[in-house]
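# Here is the input, now give the coordinates:
(chains A and B)
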Protein chains: 2
Amino acid sequence: MSDVVGELRILPVRGIGEIVPGSDLAEIISHACSADPGTTLVDGDVLVVTQKIVSKAEDRIEAIDFDDPKLHKTIVERESTRIVRRRGDLIISETSHGWICANAGVDLSNIEAGYAALLPVDSDRSARRIRDALRHRFGVDVAVIVSDTFGRPWRRGLTDVAIGCAGIRPIADLRGSNDSLGRELQVTEVCIVDELAAAADLVCGKAANIPVAICRGVDASWLGEGSAQRELVRHPSEDLFR
Amino acid sequence: MSDVVGELRILPVRGIGEIVPGSDLAEIISHACSADPGTTLVDGDVLVVTQKIVSKAEDRIEAIDFDDPKLHKTIVERESTRIVRRRGDLIISETSHGWICANAGVDLSNIEAGYAALLPVDSDRSARRIRDALRHRFGVDVAVIVSDTFGRPWRRGLTDVAIGCAGIRPIADLRGSNDSLGRELQVTEVCIVDELAAAADLVCGKAANIPVAICRGVDASWLGEGSAQRELVRHPSEDLFR
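Numbering: from 1, shown residues only, chains lettered A, B, ... in the order given. Have a look, this model is predicted:
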């Protein structure tokens, strides 16, 4: 296999077992990565960690009675700061973080029957904790993205997006750089953390129990401090679809 | 470098020169891919081709007077079937294909001054033509996605999405498969062509003149016939945000 200059590699991390409240994610991820020489973490890697295992480790799990669908609705409404749309059982709402998504991000899949997973209280902080622990205890400098699966208006199908990050700037601002013909580019703010979350989802697969992927070969200029919650939520004054 | 099972590789294709009306994209892409042994196309690759070079090759280029901003607006309105939102110079509208996006997809960047690029008339057909030519003339069976850069409500930053495809099903329907705990998954229709377009954008870069990327290692079960235009546009009756 030949190396290609500028190649991006999306590597599934295997062997991450069941996560429970209190699980040490940095320890578990580091251990799983090291089990295969191909996935041993190196400086500059971007780890994408799915929300589900973060919520489990942080005990954002709540008992739910599947025979009482109203209870699920009650949790969704409690986790919402604003209901945006409602149709039948589906609620599109805004969360305390500012995300607009289905059911306030409350999820029933990949959770033991009888439990629902809520979004982490602060996914940027969750990402930063994993990043800091990997740096201080395992000596590797990686960025971390916490991803979740969202729908979107107008387009069918779900894609993974970033709800938290650490060690990477969420948006690469290409405004003012020149395009290939030397003309100044118009506004081109690329949401690289959403694109990385989407790429990671392609190897994670919902049913394969691979909740973590490594993105290797990410442009080093994108690394740095950043917050998904502060930088990705579009300000109401700029938003035509509130 | 060790191979990792299940790895996805995103390979930038270098050496694609300026595209002009009538350019033979399959020939140019095949030639550029073959220049590096690492990017020589193999069966099962998914090629992501940015809309800009497709529009140029198909002569969807229109003269525009930069001193007359009204002309741009006139083209946008002509390319729209419905104006969804308007604020200042920004128009969010629906195109004849059903896409809802800024300025009906009419683009002024990476185009010579004085010209605007319109969306291809039928991006699925554009993708199919490239796929068929690569298969018949160059003997390689690859899927093709035509990508474009769209904004989205509520989230800052742009991401690349699919506006056309051939040889790949746009949505992987995971409904009914079991999650890692054996419970039946709820609705999980993953829009894999959008996730692949996003992944490709991470290596294409707006200013680097890399309009094509190869996604290698895509799940073979996702390959097959499909149409982005027919399968990704959410039906009005299902859409809470029309």
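
# Relative to the whole chain's centre, how far out is the lengthiest helix in chain A?
Looking across chain A with DSSP state H, the single longest helix is helix A:123-138. Its chain's C-alpha centre and that of helix A:123-138 lie 14 Å apart, by Cα atoms, centre = their mean, to the nearest Å.

# hmm, it touching chain B?
No: judged by Cβ under 8 Å from any Cβ of the partner chain, helix A:123-138 stays clear of chain B, getting no closer than 14.1 Å. Heads up, the C-betas are built off the backbone N, CA and C, glycines and all.

# Now do that helix: everything it contacts.
Under the criterion Cβ atoms under 8 Å, 6 or more residues apart in numbering or on different chains, residues A:24-27, A:29-30, A:41, A:47, A:49, A:51, A:54, A:58, A:97, A:120, A:140-146, A:163-167, A:227-230 lie in contact with helix A:123-138.

# Any residue of the helix or strand where residue A:49 lies touching chain B?
Residue A:49 is located in strand A:46-50, with elements delineated by DSSP states H and E. No: contact between strand A:46-50 and chain B is absent, the nearest approach being 10.1 Å (criterion: Cβ under 8 Å from any Cβ).

# Can you list the strands that that strand pairs with?
Looking at strand A:46-50 with DSSP bridges, its partner strands are strand A:143-150 (parallel), strand A:212-216 (antiparallel).

# Quick check: buried residues in that strand?
The neighbour-count criterion (16 or more other Cβ atoms under 10 Å in any protein chain shown) identifies A:46-50 as the buried residues of strand A:46-50.

# with those residues in mind, which one is nearest to chain B?
residue A:46 (10.1 Å; Cβ to the nearest Cβ).

# rewinding a little: put together JSON lines for the strands paired with strand A:46-50, with mean neighbour count on each row.
Conversion of those to JSON lines gives the following (neighbours: other Cβ atoms under 10 Å in any protein chain shown):
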{"stretch": "strand A:143-150", "mean neighbour count": "27"}
{"stretch": "strand A:212-216", "mean neighbour count": "27"}
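
# Can you give me the buried ones in the lowest-mean-pLDDT helix or strand in chain A?
Least confident helix or strand of chain A, by mean pLDDT, DSSP states H and E, is helix A:69-79 with a mean of 84. Neighbour-count burial for helix A:69-79, counted by 16+ other Cβ under 10 Å, picks out A:72, A:75-76, A:79.

# Helices of chain A, start to end?
Ranges of helices in chain A, per DSSP H, are A:25-34, A:51-57, A:69-79, A:123-138, A:192-204, A:228-232.

# most neighbours per residue, which of the ones you listed?
Mean neighbour count (mean count of other Cβ atoms under 10 Å in any protein chain shown) peaks for helix A:192-204 among the helices of chain A, with a mean of 29.

# does any part of that one sit near chain B?
Yes: figure legend: helix A:192-204 in contact with chain B (Cβ under 8 Å from any Cβ); contacting residues A:192, A:194-196, A:198-199, A:201-203.

# Just the C-alphas of that helix, formatted as CSV.
Taking C-alpha atoms only, helix A:192-204 is exported to CSV below (Å, rounded to 0.1, in the frame of the first residue of the first chain):
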residue,chain,number,x,y,z
ILE,A,192,-14.7,20.7,9.8
VAL,A,193,-15.8,19.1,13.0
ASP,A,194,-19.1,18.2,11.5
GLU,A,195,-17.3,16.8,8.4
LEU,A,196,-15.0,14.8,10.7
ALA,A,197,-17.9,13.4,12.7
ALA,A,198,-19.6,12.4,9.5
ALA,A,199,-16.5,10.7,8.2
ALA,A,200,-16.1,8.8,11.5
ASP,A,201,-19.7,7.6,11.3
LEU,A,202,-18.9,5.8,8.0
VAL,A,203,-16.6,3.4,9.9
CYS,A,204,-18.5,3.3,13.2
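
# give me every residue that touches the most centrally placed residue in chain A.
The centroid of chain A falls nearest to residue A:147 when counting by Cα atoms, centre = their mean (1.2 Å). Counting by Cβ under 8 Å, 6+ apart, residue A:147 makes contact with A:48-51, A:160-163, A:197, A:200-201.

# who does it bridge with?
Those that pair with residue A:147 in a beta bridge, by DSSP bridges, are residue A:50, residue A:162.

# what's the answer for residue A:95, then?
Per DSSP bridges, the residues bridged to residue A:95 are residue A:80.

# neighbours of it, just the number please.
20 (other Cβ atoms under 10 Å in any protein chain shown).

# Using PDB, write out every CA atom in stretch A:51-61.
Taking C-alpha atoms only, stretch A:51-61 is exported to PDB below (Å, rounded to 0.1, in the frame of the first residue of the first chain):
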ATOM      1  CA  GLN A  51     -22.300  10.700  22.400                       C
ATOM      2  CA  LYS A  52     -23.800   7.400  23.500                       C
ATOM      3  CA  ILE A  53     -20.700   6.200  25.400                       C
ATOM      4  CA  VAL A  54     -20.000   9.600  26.800                       C
ATOM      5  CA  SER A  55     -23.500   9.800  28.200                       C
ATOM      6  CA  LYS A  56     -23.200   6.300  29.600                       C
ATOM      7  CA  ALA A  57     -19.800   7.100  31.300                       C
ATOM      8  CA  GLU A  58     -21.100  10.300  32.700                       C
ATOM      9  CA  ASP A  59     -24.300   8.600  34.000                       C
ATOM     10  CA  ARG A  60     -26.600  10.600  31.800                       C
ATOM     11  CA  ILE A  61     -28.800   7.600  31.700                       C
END
